[in-house]
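> Provided below are the primary sequence and the corresponding predicted coordinates.
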Amino acid sequence: MKHYKVVAAVIEHKGAILCTQKGEHNYPYLSYKYEFPGGKVERGERDEDALIREIDEELALCITVNRKIAVVNHQYPDFMITLTAFHCNSTSREVTLVEHLHAIWLPKEKLKTLAWAAADQPILQYL
Ligand SMILES: Nc1nc2c([nH]c(=O)n2[C@@H]2O[C@H](COP(=O)(O)OP(=O)(O)OP(=O)(O)O)[C@@H](O)[C@H]2O)c(=O)[nH]1
């Protein structure tokens, strides 16, 4: 079973958090689910550097990475992930969607209204 090390950015700008939606996916349990943007950490790369790289590539957004919020180990039917979430800030809300279907900035109390990837559920509890 594959095991991926993934970093995710909880990006806050003036009281709202960026939520990004995946498109259709090979694994139906991930199709159209919301996630915090980020991705797989490359060999030898620091978590924080991976996050800055991924957010620039996926959203053309410049972030600063702050504290670690949570580390979640989640077993999906086809692979396992260790998901590390960091609190981040951006100076703008303008994003360019390269990979995602949709992006929305929501206040913390509204995050649970979206359909999140299963691995993200514990992270929501920490916000
Ligand atoms: N970036 C990110 N990935 C997450 C989160 N929660 C979660 O289960 N994942 C999963 O962790 C993996 C991250 O890999 P990735 O972002 O590099 O995505 P990818 O294009 O290589 O794979 P994909 O085709 O599954 O999207 C994906 O399978 C993604 O669905 C999250 O909050 N942020």
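Perfect, I can see it now.

> which residues of this protein lie near the ligand?
Within the chain, the positions near the ligand by CB under 6 Å from any ligand atom are 4, 6, 8, 30, 35-40, 81, 83, 117, 119-120. C-beta coordinates here come from the backbone N, C-alpha and C atoms, glycine included.

> in this structure, which spans are helices?
Secondary structure of the chain (DSSP state H): helices at 47-59, 121-126.

> any idea of the mean pLDDT for the first one?
Read it as helix 47-59. Mean pLDDT, computed over helix 47-59, is 98.

> do the shortest one as well
If you average the pLDDT over helix 121-126, you get 96.

> what helices or strands is that helix leaning on?
Applying 3 or more CB pairs under 8 Å, 6 or more residues apart in numbering; DSSP states H and E, we find helix 121-126 packed against strand 63-75, strand 79-90.

> among these, which is nearest K14?
The closest of the helices and strands packed on helix 121-126 to K14 is strand 79-90. By CB to CB, the value is 9.7 Å.

> next, the angle helix 47-59 makes with that closest one.
If you take axes from the mean of the first three to the mean of the last three CA atoms, to 10 degrees, strand 79-90 sits at 80 degrees to helix 47-59.

> how far off centre is strand 79-90?
Centroid separation for strand 79-90 versus its chain: 6 Å, with CA atoms, centre = their mean, to the nearest Å.

> show residues contacting it.
By CB atoms under 8 Å, 6 or more residues apart in numbering, the surrounding residues in contact with strand 79-90 are 1-13, 18, 36, 47-48, 51, 55, 61-74, 119-120, 123, 126.

> before we move on, what about stretch 57-66?
Around stretch 57-66, the neighbours that count as contacts under CB under 8 Å, 6+ apart are 9, 11, 18, 20, 37, 39, 48, 51-52, 55-56, 86-92, 94-100, 103.
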